[in-house]
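**Student:** Curious how this folds, go ahead:
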Amino acid sequence: MTSPTRSARRALPLLAGAAGCVMLLVLVIAGGIGYLVLRPGPGSPAPPSTTASSPSSSAAAAFEVIRPDEENTRSPEELRTVLAANPLTQGRLPATGPCTLPEVAVDSTPEQLQTFLQAGVDCYARSWAPAMSDRNLPWATPRVVVFVWPELPPGHGCDSSEFTQTRPTMCDLDETLYWPVGAGSFARAVIGGELPASDLAGAYLWDIGVQMTRTMAWQSSLVLYMTHLQTAHEDSDPELRDTYRRTNLQLLCVSAASSVQLPEELRPSTTLRARLLDESSWTRGEEPRTLPPSASIRWLRTGLESRGDLSHCNTWTAAGYEISG
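**Tutor:** Alright, predicted model coming up:
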């Protein structure tokens, strides 16, 4: 397939000393399937300062691309207002149009797997690149590097501690998605025989979609607003649980919404959808950072039925019961 042109604008500028990911957006495995988890990682921004001067109320409520080294001067209330009206809660993701992907199999070589995964990334980018451009947000399509665990890819731009055997690692410093052979929540379920081999391509595409949502959140700096709001609360503060749920459920919903903008033959199969919508596939987590499986299913279903309309995934304006199960 023809790869979409990489954006001429660089993605969100990064500090040379950054840890590679201000936030970790990872798949936590539960019965072979995972969920998006957004939590502060090494080098995360500090809680909002109480001494720094604050912008005007109107400016504080406006979304703008911010840098990870910028000090947050917005109050928690202002951050929530920004998140509730951010550009990724409005409009529709464009359909990708036709995407031709090479064959992939359980015994594909690393080179063959890399070719398939890059084609999948490029397919999703046909939706995300124009969506970000339409919102005047930066975008750069990640490149994919496949490697065999435990040898890490030479020259990677992430901290080595960010790599694991079971999940891909998106390194923001070099805009590269590093993928260990056999990694991915759904892909591992197929490789392990829990799902039919015919679902392998679709499983990889779901896993790619999760990583592309993570990429969108980083490059738009949406992830930084979410971090600032989470770090504004202590673990004992009930608001932290609420913020954590709204953050992760929005990103989960957006991942599902992006999957239905793929060509029909590349969308999750009936088998994959059934696995996605099975509560036993999802872990709750530990307090105060919990996602009730029933809430995960609610927002997954919302995304799958959204026809790409991102307003359906706005958890920041949702009632409390909608994020609590």
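**Student:** So Leu101 is in contact with Cys123, correct?
**Tutor:** Yes - using C-beta atoms under 8 Å, Leu101 makes contact with Cys123 at a distance of 7.0 Å. All C-beta atoms are positioned from the backbone trio N, CA, C, and that covers glycine.
**Student:** The stretch 1-150 of the chain: helices as residue ranges?
**Tutor:** Assigned helices in the stretch 1-150 of the chain, in chain order: 57-60, 76-84, 110-134 (criterion: DSSP state H, counting those that start in this stretch).
**Student:** which helices and strands does the second one pack with?
**Tutor:** Packed against helix 76-84, as judged by 3 or more C-beta pairs under 8 Å, 6 or more residues apart in numbering; DSSP states H and E, are the following elements: helix 57-60, helix 222-231.
**Student:** how about it: buried residues?
**Tutor:** 76, 78-84 (16 or more other C-beta atoms under 10 Å).
**Student:** same question, the last one
**Tutor:** By neighbour count on 16+ other C-beta under 10 Å, the buried set for helix 110-134 is 113-129, 131-132.
**Student:** per-residue confidence for Thr166?
**Tutor:** Reported pLDDT at Thr166 in the predicted model: 96.
**Student:** What's the local residue count around it?
**Tutor:** Using other C-beta atoms under 10 Å, Thr166 has 16 neighbouring residues.
**Student:** and what of Leu195?
**Tutor:** Leu195, neighbours per other C-beta under 10 Å, totals 23.
**Student:** Can you tell me the closest non-neighbouring residue to it?
**Tutor:** Closest residue to Leu195 apart from its sequence neighbours, by C-beta to C-beta, 6 or more residues apart in numbering: Ala189 at 4.7 Å.
**Student:** And the one you found, how far from Asp207?
**Tutor:** 10 Å (C-beta to C-beta, to the nearest Å).
**Student:** Who has more neighbours out of the two?
**Tutor:** Counting neighbours by other C-beta under 10 Å for Ala189 and for Asp207 shows that Asp207 has the greater number, 24 against 21.
**Student:** quick revisit: okay but the residue nearest to Leu195 is in contact with Pro196, surely?
**Tutor:** No - applying C-beta under 8 Å as the test, Ala189 and Pro196 come out as separate, 10.1 Å apart.
**Student:** On the three-state scheme, the residue nearest to Leu195 is what?
**Tutor:** For Ala189, the assignment made with DSSP: H, G, I helix; E, B strand; the rest coil gives helix.
**Student:** let's number from 595 now, not from 1
**Tutor:** Done: numbering now begins at 595, and the last item shifts to Ala783.
**Student:** Could you measure from it over to Ala734?
**Tutor:** Ala783 is 30 Å from Ala734, by C-beta to C-beta.
**Student:** And Thr841, by the same measure?
**Tutor:** For Thr841, the distance to Ala734 - C-beta to C-beta - is 23 Å.
**Student:** Please say which of the two ends up with more neighbours.
**Tutor:** The residue with more neighbours, out of Thr841 and Ala734, is Thr841; 30 against 18, by other C-beta under 10 Å.
**Student:** Next one: the more buried one relative to Leu816, how far apart?
**Tutor:** Counting by C-beta to C-beta, the gap from Thr841 to Leu816 is 9 Å.
**Student:** which non-adjacent residue is nearest Glu873?
**Tutor:** Pro887 (4.1 Å).
**Student:** Give me the phi and psi angles of that neighbour.
**Tutor:** Reported as degrees, to the nearest 10, the phi and psi values for Pro887 are phi -50, psi -40.
**Student:** Arg840 is in contact with Ala912, correct?
**Tutor:** Yes - between Ala912 and Arg840 a contact is recorded at 7.3 Å, counting by C-beta under 8 Å.
**Student:** With neighbour numbers in mind, choose between those two.
**Tutor:** For Ala912 versus Arg840, the count of surrounding residues by other C-beta under 10 Å is larger for Arg840: 24 against 20.
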